[in-house]
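J.: Dropping the sequence and predicted coords here.
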Amino acid sequence: MTRRSGYADLPLHGGRVPAWLSARMAALGRVIGEAIVHHYGRDELLRRLAQPFWFQSFGAVMGMDWHSSGITTSVLGALKRGLAPVQKELGIFVCGGRGRASRRTPAELMLVGEHTGLDAERLATSSRLVAKIDSAAVQDGYDLYLHGFIVSADGTWCVVQQGMNPTRREARRYHWLSQGLENFLDSPHTAIEGVSQGQILNLADARAQAARVAGLELVHAGPQRTLSILRGLRPAVGRSLDLFGEPEPPVPTLNAAPDVVPHLCMPSRHEILGSDIVLRRLHGALAAAAERGPQDYAELLLTPGVGARTVAALALVAEVVHGTPARFTDPARFSLAHGGKDGHPFPVPLRVYDETVRVLTHAVSQARLGRADKLDALRRLDAQARRLERHASGPTFEGFITTERATAAEFGGRSAFDH
């Protein structure tokens, strides 16, 4: 049985992803997705997308806002555009999207069925059920406006959808994964992300079975039976009716026991603070870039123009490809690869970004031809970072950011506020 994998606060921020970043996000999202499928298979990519901490880190390494609800829309859009040219070969299809695009999901799934032979009607039914559960069965004050359905040629799928509460200026993201899903109404979510507002009415929770049975009995008994029960509750007007008979469990950390739900809390501030990242992990990536860079990226990849700054970005990208779930407790750290569109933690260094995409694209294309040595260099870079972070030293977080901002012009730094 699948389970929820976490909660998170996602502040609502306005604005659009500029075209110069949108195209790059599609390119980077594509090669990262291809690299994961090459090393670990299609199912692993779906599992990653259904993990809220990894999903947030994925968006941050793409240069999107590191903390806001916009990551959901931009990441799904980037994947849909980026994987479209290779979706049949890769066997990963991204359907749906925001607003009107979400309503085209069933039609897009029909096309997937034509290409793969999958039961498109069954997939479309799953899509509608997931949307209906998170909009009606889970009554938490957030109205759905985005629905992304990602399906593999093998028939496994994951769903990422998001609702908003404009009054609170907050969003909540819901993650689903088909692997192990036995019942849509017994705690099917892999994750529900959003700000905690106390108890929510979740009729999709396994503990709500008695409430669902009681609801059906009331419907079958007719309106008079329902009215009589409501009259009996009149003295308790204004109080919450506990449908589950037990309080919500406390929110734990990511490293808690498997049956406990973690909580990712993304603040509304734009600035990244040193407390938002695990500094030793950053030091490990920087040290690995300095140690492995000359050997792997000058002698092995033989890619002209790849400098030390690009290798540092590649070290963080390598962790997104190869890192284990416990590595993503600090999603903000991955924004240190390519900055953020709003200028936090620093403007997007376009020259570094383009070199990263170029190196990865070349490595993935060679791997498709059976020459995986270039793509394997990323795995060695990541492994070296894990070893070095135990004792590596480096700049303070503030010192790192100061240097990046001072050299922003040198690397083509740009933000959404530039004209």
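T.: Perfect, I can see it now.
J.: Which parts of the chain are strands?
T.: 7-11, 92-98, 138-139, 143-152, 157-165, 170-177, 189-194, 201-202, 263-265, 348-349, 413-414 (DSSP state E).
J.: Adding distance to residue 115, write those out as a markdown table.
T.: The way it works is simple: take the backbone N, C-alpha and C, and place the C-beta from them, glycine included. Formatted as a markdown table, those follow (distance: least, C-beta to C-beta, whole Å):
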| stretch | distance to residue 115 |
| --- | --- |
| strand 7-11 | 33 |
| strand 92-98 | 8 |
| strand 138-139 | 32 |
| strand 143-152 | 11 |
| strand 157-165 | 15 |
| strand 170-177 | 22 |
| strand 189-194 | 26 |
| strand 201-202 | 36 |
| strand 263-265 | 35 |
| strand 348-349 | 35 |
| strand 413-414 | 38 |
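J.: looking at those, which has the lowest confidence?
T.: Sorting those by mean pLDDT places strand 201-202 lowest, at a mean of 44.
J.: Scan this structure for its longest helix.
T.: When the chain is parsed with DSSP state H, its longest helix is helix 19-40.
J.: hmm, back to that, in JSON lines: the strands of the chain, plus distance to residue 398 and mean neighbour count.
T.: As requested, these are exported to JSON lines (distance: least, C-beta to C-beta, whole Å; neighbours: other C-beta atoms under 10 Å):
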{"stretch": "strand 7-11", "distance to residue 398": "23", "mean neighbour count": "22"}
{"stretch": "strand 92-98", "distance to residue 398": "36", "mean neighbour count": "23"}
{"stretch": "strand 138-139", "distance to residue 398": "41", "mean neighbour count": "16"}
{"stretch": "strand 143-152", "distance to residue 398": "35", "mean neighbour count": "22"}
{"stretch": "strand 157-165", "distance to residue 398": "33", "mean neighbour count": "24"}
{"stretch": "strand 170-177", "distance to residue 398": "29", "mean neighbour count": "25"}
{"stretch": "strand 189-194", "distance to residue 398": "29", "mean neighbour count": "26"}
{"stretch": "strand 201-202", "distance to residue 398": "42", "mean neighbour count": "20"}
{"stretch": "strand 263-265", "distance to residue 398": "22", "mean neighbour count": "19"}
{"stretch": "strand 348-349", "distance to residue 398": "19", "mean neighbour count": "27"}
{"stretch": "strand 413-414", "distance to residue 398": "18", "mean neighbour count": "20"}
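J.: who wins for proximity to residue 131 among those strands?
T.: When those are compared by C-beta to C-beta, strand 143-152 sits nearest residue 131, at 5.4 Å.
J.: Off-centre distance for the closest one?
T.: With C-alpha atoms, centre = their mean, to the nearest Å as the basis, strand 143-152 stands 12 Å off its chain's centre.
J.: which residues of the stretch 51-200 of the chain score low on pLDDT?
T.: 136-140, 180-200 (pLDDT under 70).
J.: 90 instead, please
T.: For the stretch 51-200 of the chain, the stretches with pLDDT under 90 are 52, 65, 68, 129-143, 163, 165-166, 168, 172-200.
J.: What's the local residue count around residue 18?
T.: 15 (other C-beta atoms under 10 Å).
J.: Same question for residue 49.
T.: 26.
J.: In contact with it: list those residues for me.
T.: 55, 58, 150, 158, 160, 175 (C-beta atoms under 8 Å, 6 or more residues apart in numbering).
J.: if I look at residue 322, how far off is residue 398?
T.: Here the criterion is C-beta to C-beta, to the nearest Å. By it, residue 322 lies 29 Å from residue 398.
J.: For those two, work out which one has more neighbours and name it.
T.: The residue with more neighbours, out of residue 322 and residue 398, is residue 322; 20 against 10, by other C-beta under 10 Å.
J.: quick check: domain ranges of this protein?
T.: With domains defined by automatic domain parsing, the chain comprises 7-205+244-265, 274-407.
J.: for those domains, which one sits closest to residue 413?
T.: domain 274-407 (3.5 Å).
J.: and the closest one, how far from the chain's centre?
T.: 19 Å.
J.: next one: stretch 397-417
T.: On C-alpha atoms, centre = their mean, the centre of stretch 397-417 falls 25 Å from the chain's centre.
J.: ends of that stretch, how far apart?
T.: 24 Å (C-alpha to C-alpha, to the nearest Å).
J.: Buried residues in it, which are they?
T.: Neighbour-count burial for stretch 397-417, counted by 16 or more other C-beta atoms under 10 Å, picks out 397, 400, 401, 404, 408, 411, 413, 414, 415, 416.
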